[in-house]
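**Student:** I need the structure of the sequence given here:
(2 chains)
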There are 2 protein chains.
Amino acid sequence: MLDARPVLHVIGLLLATLGLAMLVPALVDIASDNRDWQVFAASSATTLLIGLGLHLSTRGAPQELDLRQAFLLTTLAWVTIAVFGALPFIYAEMDLSITDALFESMSGITTTGSTVLTGLDTAPPGILIWRSLLQWLGGIGIIVMAVAVMPMLQVGGMQLFRIESSDNSEKILPRAAQIAGALALLYLVITLICSISLWFAGMSAFDAVAHAMTSVATGGYSTSDGSIGNFDSASIDVIVTLFMVLGSLPFALYLQALRGRPLLLWQDGQVRWFFVLALLSIGILAAWRIVTTDTEVLEALRFTSFNIVSIMTGTGYSSADYNSWGGFAIGLFFMVMFIGGCAGSTSCGVKIFRVQVLVETARCQVQKLLQPHGVFTPEFNHKPIPPAVRDAVMNFFFLFFGCFITLAVILSAFGLDFITAASGAGTAIANVGPGLGDVIGPAGHFGTLPDGAKWFLMIGMLLGRLEIIGVLVLLSPTFWRG
Amino acid sequence: MLDARPVLHVIGLLLATLGLAMLVPALVDIASDNRDWQVFAASSATTLLIGLGLHLSTRGAPQELDLRQAFLLTTLAWVTIAVFGALPFIYAEMDLSITDALFESMSGITTTGSTVLTGLDTAPPGILIWRSLLQWLGGIGIIVMAVAVMPMLQVGGMQLFRIESSDNSEKILPRAAQIAGALALLYLVITLICSISLWFAGMSAFDAVAHAMTSVATGGYSTSDGSIGNFDSASIDVIVTLFMVLGSLPFALYLQALRGRPLLLWQDGQVRWFFVLALLSIGILAAWRIVTTDTEVLEALRFTSFNIVSIMTGTGYSSADYNSWGGFAIGLFFMVMFIGGCAGSTSCGVKIFRVQVLVETARCQVQKLLQPHGVFTPEFNHKPIPPAVRDAVMNFFFLFFGCFITLAVILSAFGLDFITAASGAGTAIANVGPGLGDVIGPAGHFGTLPDGAKWFLMIGMLLGRLEIIGVLVLLSPTFWRG
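**Tutor:** Here you go, the predicted structure:
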């Protein structure tokens, strides 16, 4: 039997935290004299009470999670937070339908950034900051999970990032709590620096904080329908780009850097590949823009670098309607969408280390074909990649694209056109945000999609955020048989 | 140093065969009093002479191919035959450009079936039969290669299909020659049966032979712009469907069946999965058509089964403009396009056995995640799948989709819209034939694409036909260093 109590114990704590977080938009709305503060206060009280209730009523349970409990916690935590995070959207002035509220909340907490809302520029500040806060919490949540939980779950090759080889998969929780503190503090400091930078660059304090939270979380919710493009400032573009990149590098290496080993960051294969892939994509697209249109060099660089980084890191801000940049740009954005950032960051997608493992394995395979008796060992960061990791990564790749294609076909069954269905499936599973095409592209939004499509997109976001297998495991009969 | 002589020795023989084959359209054109017969006769003489010259001048070379020579032969043979096969297209009345002629020839010999031609219904019979013959030769070529060469090259997990475990990869050629005879005879007989069936069903003898050759080869070239839909006959649809399926099952099992073991065919996991996937796709699409439109049950079944089988097997005939069936159909056709048929058949794509290996590996991975100390062995046809095969298959999957996405982006750089670029890349790499959308969909053709796009599509066809890695190996510096 699966003892759910330790799982509910943790979820209770997470919900209580979420409830407390709802006081932020409540205060913001009080300060700006908006009646939504009552909604946030009520949601806060509800969430806090239920959270504390769960937490306290399961006090007697064992404190350590076994493997199955950890898997259950992973999915259940994300779903529960999405549900409670949706409460303010349902009851606030905006009066969203339950589907839309859940979509906005799930898109927030998974740091996807697809939105059903328009009229953000005139929306009440409470709602805006709540959207940012959801992404910010989702960002730190995934970092902690990726560093402290995922490696033990061995999902999708994440065991490459076990901090110590002696990690015991039976004792997940204490370690998570220990690491979470340091990472959360670091995350907070980076967000503060980003806020101040944006404020200096000309944003209002409110916009600065809201965008700092969604930049570092590579989430992409904005306070304007025009996203970052609305501010039309090169310095803001550069700052946001910088912090999207910071949000996509392995946070554990920041801790190492602070402990006096900054070089580790630069020596890390993942970080190098990230920059190579980003610069390559930017270079190709900028060159294309310069050659085929009369865009000036600096302008081309500014807009391509911002939007490529935004899509590749899975943030999903836009500073231009790149959907109108022509077929090649659309093809490239579609490709870049899947790459993602580094493991142990807030970004999503296939992730750089998996691209590395796949490419390195392919290279060794070709060598092996030519020299059947030779020994070729794929390496990652100068260490051999264990066969189990290669299997897990390749398996992830198969399941990722299997889910992507299935989701795209399902979406098209709701009447979505080809590019909307394909890019919608991609943007959900890679947790990017905007899709491509006229409907859900950078100039559009998800509000007009049929409700059924929104539900499947939510499933896609959850799958993508929890490395696909983290969710699929729960569908296995073995899981429930124990 | 790579000794190219044994390679050229074989290619000489293949060219001489191609030259002889060109006499068929020459005779057909003489019989129908068309001046193109001179073009075919001249092309035949040229090809035959160069072929014989190559073959005889390399007579002294060692008769056995080593691994590198076998790889070189694989790609070089296909390219050379495509080039010489294009001669008639260049010089015939139709007066195609060199790019178009090569495209038509490469699309033929790889059994892809994408065409740049229109006005097929009034085209000279020589050209029409030449297109069919190219596909027919490509079909038997790939069967022989898949059964006798690929398993030794260990490309993409094909080593699963070694006929004897004692096969020596150093001695590829004698075995190939031995098996080729039996397979070619069988292939001929099946084609004859198909021709006669189509003739009885109402096709002219000429159309029957032309379509029999491209059905069994899962090629898809037709003698009409309207493809099989032009004949508008349910019995023809059924016969063609049957022979497309026959062309997609493992030919080696037919030999076994003839040797008195017909049950092997039905017990084969690949064959079962093929039928399950095909019936599932047909069932879903037919149900969709019946529910969402006022199509009658029988009509829905007829048109969905024909077109799904045509795309899944990589044939590429059409009996209806399924591009107008709406988004869901387009999404489903896009997905089905990649599946393909069985290994050791004329069909292409990812192939059923790889889908099986991927799914089975994923299943074991999930089990392993839940029970880290358990032992789970992925199986294929009740035998454990060797780790090297799993690696090769997963690697194939990565390279296949890597090439697909790269090709799609390159195509979009030539100004192709999203669906044309994406489906064009897919249809080329999976050797299907028609794409989706208005330009290259079942009602369109490839003639209007820019020349550059056609060249990249040709590369895609070659990559797909030779299991990606068969071509990529030649790009490795190791290959040329020896």
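**Student:** for residue A:250, give me its contacts.
**Tutor:** Under the criterion of Cβ atoms under 8 Å, 6 or more residues apart in numbering or on different chains, the neighbours of residue A:250 are A:161, A:268, A:270, A:271, A:342, A:343, A:344, A:345. The way it works is simple: take the backbone N, C-alpha and C, and place the C-beta from them, glycine included.
**Student:** can you pick out the most distant pair from those residues?
**Tutor:** Using Cβ to Cβ, the pair of the contacts of residue A:250 lying farthest apart is A:161 and A:271, separated by 13.4 Å.
**Student:** which of the contacts of residue A:250 scores worst on pLDDT?
**Tutor:** Across the contacts of residue A:250, the member with the lowest pLDDT is residue A:161, scoring 76.
**Student:** now that one: how far from chain B?
**Tutor:** Residue A:161 is 16 Å from chain B, where distance means Cβ to the nearest Cβ, to the nearest Å.
**Student:** that older thread, the more surrounded of residue A:161 and residue A:271?
**Tutor:** residue A:271 (20 against 17; other Cβ atoms under 10 Å in any protein chain shown).
**Student:** any idea which element the more buried one lies in?
**Tutor:** Per DSSP states H and E: residue A:271 is located in helix A:269-292.
**Student:** how far out from the middle of the chain is that helix?
**Tutor:** 22 Å (Cα atoms, centre = their mean, to the nearest Å).
**Student:** counting by contacts, list what the helix or strand that comes right after that helix packs against.
**Tutor:** Sequence-wise, the next helix or strand downstream of helix A:269-292 (DSSP H and E) is helix A:297-312. Contact partners of helix A:297-312 among helices and strands, from 3 or more Cβ pairs under 8 Å, 6 or more residues apart in numbering or on different chains; DSSP states H and E: helix A:234-248, helix A:269-292, helix A:327-339.
**Student:** of all the residues in the second one, which ones are buried?
**Tutor:** Of the residues in helix A:269-292, A:269-271, A:273-274, A:277-278, A:281-282, A:284-286, A:288-290 count as buried by neighbour count, 16 or more other Cβ atoms under 10 Å in any protein chain shown.
**Student:** then the last one?
**Tutor:** Taking 16+ other Cβ under 10 Å as the basis for neighbour counts, the residues of helix A:327-339 that come out buried are A:327-339.
**Student:** got the angle for it vs helix A:269-292?
**Tutor:** 170 degrees (axes from the mean of the first three to the mean of the last three Cα atoms, to 10 degrees).
**Student:** quick check: buried residues in the very next helix or strand once past helix A:327-339?
**Tutor:** Heading C-terminal from helix A:327-339, the first helix or strand you meet, by DSSP H and E, is helix A:352-370. For helix A:352-370, a neighbour-count test (16+ other Cβ under 10 Å) marks A:352-358, A:360-370 as buried.
**Student:** from those residues, which are also near chain B?
**Tutor:** By Cβ under 8 Å from any Cβ of the partner chain, the members of the buried residues of helix A:352-370 lying near chain B are A:358, A:361, A:362, A:365, A:366, A:367, A:369, A:370.
**Student:** surely residue A:130 meets residue A:23?
**Tutor:** No: counting by Cβ atoms under 8 Å, residue A:130 does not reach residue A:23; the two are 10.8 Å apart.
**Student:** how about the residue most central in space within chain A: what's its closest non-neighbour residue?
**Tutor:** Ranked by distance to the mean C-alpha position of chain A (Cα atoms, centre = their mean), the top residue is residue A:111 at 3.9 Å. In space, and not counting its chain neighbours, residue A:111 is closest to residue A:219: 4.2 Å by Cβ to Cβ, 6 or more residues apart in numbering or on different chains.
**Student:** wait, a helix at that neighbour?
**Tutor:** No: using DSSP: H, G, I helix; E, B strand; the rest coil, the assignment for residue A:219 is coil, not a helix.
**Student:** neighbours of it, how many?
**Tutor:** Residue A:219 has 35 neighbours, counted by other Cβ under 10 Å.
**Student:** which single residue of the stretch 101-250 of chain A ends up nearest chain B?
**Tutor:** Chain B sits closest to residue A:154 of the stretch 101-250 of chain A, with a gap of 6.0 Å, by Cβ to the nearest Cβ.
**Student:** gap between the helix-or-strand element of chain A with minimal mean pLDDT and the chain center?
**Tutor:** Here the helix or strand of chain A ranked lowest by mean pLDDT, DSSP states H and E is helix A:150-153, holding a mean of 78. From the chain centre to the centre of helix A:150-153 is a distance of 18 Å (Cα atoms, centre = their mean).
**Student:** that one: which residues count as buried?
**Tutor:** For helix A:150-153, burial by neighbour count (16+ other Cβ under 10 Å) applies to A:150, A:151, A:152, A:153.
**Student:** quick one, strands of chain A?
**Tutor:** A:379-380, A:383-384 (DSSP state E).
**Student:** give me the sheet partners of the last one and which way each runs.
**Tutor:** Looking at strand A:383-384 with DSSP bridges, its partner strands are strand A:379-380 (antiparallel).
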